[in-house]
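Chemist: coordinates only, sequence not included:
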């Protein structure tokens, strides 16, 4: 157990739907990162939050959004889902914003049918 | 911007033997750091070893060591005394001041008994 908790582990939904992925960072960590792992794109950085504020943004689609709450947990919202959004979504956390000791959760497997 | 290249999609090794996984990277950052992550079938991303670019000494973690050649922008991982539990996908990653990690496409390591 890495200490980073992601729920749900698996999610199957239809095209056009909206889902929310949840992440609780490791105790004491203030920074949360979201990554997408797909067969064609590999592991791609989506977005980072540090202590509630957005810190960096990567290849995140406009249909996707995220936030970090006061208790430091984070949610990734995916809307108007397409087949190509099927992927493994990882959350990772670090104490500082620099991401030099990143601990990953076990991921949420999203399947869009 | 950063790029990470893993030129070996698959590698195999006999149990108890040594194997080296290759990684080259490119970055415009002067202060950066490099990682090897392991992803077993459980899909958990597990940090194997990390190296900060300003350190000349190669990092080691038990049976895992790196050969960091800064001028050549090379960062290979050596696994000694390979064990069946080492079988996994291995990802090389580079991080800099922009807080995100850029990953390579991965090398699938098979360990033969």
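Modeler: Right, received. Where do you want to start? Just so it is clear, the structure is predicted and the values come from calculations on it, not from any experiment.

Chemist: The residue nearest to the spatial centre of chain B bridge partners, please.
Modeler: For chain B, the residue nearest the mean C-alpha position is residue B:36 (3.2 Å; CA atoms, centre = their mean). Beta bridges link residue B:36 to residue B:49, residue B:92, judged by DSSP bridges.

Chemist: how close does the spatially most central residue of chain A sit to residue B:18?
Modeler: Centroid-nearest residue in chain A, with CA atoms, centre = their mean: residue A:34, separated by 3.3 Å. Applying CB to CB, to the nearest Å, the value for residue A:34 to residue B:18 is 36 Å. From N, CA and C alone the C-beta is placed, and that goes for glycine too.

Chemist: Now for residue B:50: which residues touch it?
Modeler: A:100-101, B:33-36, B:59 (CB atoms under 8 Å, 6 or more residues apart in numbering or on different chains).

Chemist: Point out where the chain drops to low pLDDT.
Modeler: The chain I'm using is chain A. Low-confidence segments of chain A, defined by pLDDT under 70: A:99.

Chemist: Wait, chain B was what I had in mind.
Modeler: In chain B, residues with pLDDT under 70: B:98-99.

Chemist: And the strands in it?
Modeler: Assigned by DSSP state E, the strands in chain B fall at B:2-5, B:10-14, B:19-21, B:24-27, B:33-39, B:46-52, B:60-61, B:64-69, B:74-79, B:88-95, B:101-103, B:107-112.

Chemist: list the helices and strands the longest one packs on?
Modeler: When contacts are defined as 3 or more CB pairs under 8 Å, 6 or more residues apart in numbering or on different chains; DSSP states H and E, strand B:88-95 packs onto strand B:2-5, strand B:24-27, strand B:33-39, strand B:74-79, strand B:101-103, strand B:107-112.

Chemist: Make CSV from the ones you listed and add distance to residue A:9 to it.
Modeler: Formatted as CSV, these follow (distance: least, CB to CB, whole Å):
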stretch, distance to residue A:9
strand B:2-5, 28
strand B:24-27, 32
strand B:33-39, 15
strand B:74-79, 29
strand B:101-103, 22
strand B:107-112, 23
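
Chemist: re earlier: which ones are touching the residue nearest to the centre of chain B?
Modeler: Residue B:36 touches B:21, B:23, B:47-50, B:64, B:66, B:75, B:77, B:90-93, counting by CB under 8 Å, 6+ apart.

Chemist: Equivalent analysis for residue A:14, please.
Modeler: Contacts of residue A:14 (CB under 8 Å, 6+ apart): A:81, A:112-113.

Chemist: before we move on, the earlier item: name only those of the contacts of residue B:50 that count as buried.
Modeler: Buried members of these, counted by 16 or more other CB atoms under 10 Å in any protein chain shown: B:33-36, B:59.

Chemist: Pick out the most distant pair among these.
Modeler: B:33 and B:36 (11.6 Å; CB to CB).

Chemist: near chain B, which residues of chain A show up?
Modeler: Selection of chain A residues close to chain B by CB under 8 Å from any CB of the partner chain yields A:2, A:31, A:33, A:35, A:42-45, A:48, A:55-56, A:58, A:88, A:90, A:92, A:97-104, A:106-107, A:109.
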